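J.: A predicted structure for the sequence below; I have some questions about it.
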Amino acid sequence: MTDDGPAHSSADNDSGPTTPPGAPGIDYITVNESQEFTSLKRTQRSFVFPMAAFFIIWYAVYVLLGAYAHDFMARPVFGSVNMGIVLGLGQFVTTFAITSIYVVFANRRLDPQAQAIRTDLEEQEASA
């Protein structure tokens, strides 16, 4: 076996700082501060925060009713099913409904914006 000498890497040359192998040449801070990305975050937050607030309030009302409105929660709705069970199952229905609504919202509003940003970044990376 022969020793051809030390292996040379791109960091050994004197051309200045280099990026690590495989690291993209994209300035993510600039991307984060860009109008397109800021708009994407604003659009996402404009949906998520109100929906989260709605769900937290709805859940808190359910818990408070369970803790303090025993007569109301024990009121029969049909057969041995009472209002507490109906509202409890409503929590599951609400969770699935919010998730479904978010998926539709993301597919229609967020994904096209995110794809445009991604395409732009991929073009920047390819040209770097």
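T.: Cool, got the structure.
J.: need the longest helix for the chain.
T.: helix 35-68 (DSSP state H).
J.: neighbours of the residue nearest to Ala116 when sequence neighbours are not counted, just the number please.
T.: Setting aside the residues directly before and after it, Ala116 is nearest to Glu36 in space (Cβ to Cβ, 6 or more residues apart in numbering), at 6.8 Å. From N, CA and C alone the C-beta is placed, and that goes for glycine too. Around Glu36 there are 13 other residues, counting by other Cβ atoms under 10 Å.
J.: where do the helices of this protein begin and end?
T.: Taking DSSP H as the criterion, the chain carries its helices at 28-33, 35-68, 70-74, 83-105, 111-127.
J.: contacting residues around Pro76?
T.: Contacts for Pro76 (Cβ atoms under 8 Å, 6 or more residues apart in numbering) come out as Asn82, Met83.
J.: quick check: bridge partners of it?
T.: Beta bridges link Pro76 to Asn82, judged by DSSP bridges.
J.: any idea how far Met51 is from it?
T.: Summarising the geometry, the distance separating Pro76 from Met51, computed by Cβ to Cβ, to the nearest Å, is 32 Å.
J.: over to Phe105?
T.: Looking at Phe105 against Met51, where the rule is Cβ to Cβ, the gap reads 9 Å.
J.: just Asp71 next, same as before
T.: Relative to Met51, and taking Cβ to Cβ, Asp71 is found at 31 Å.
J.: please say which of those two ends up with more neighbours.
T.: Neighbour count, other Cβ under 10 Å: between Asp71 and Met51, Met51 has more, with 15 against 7.
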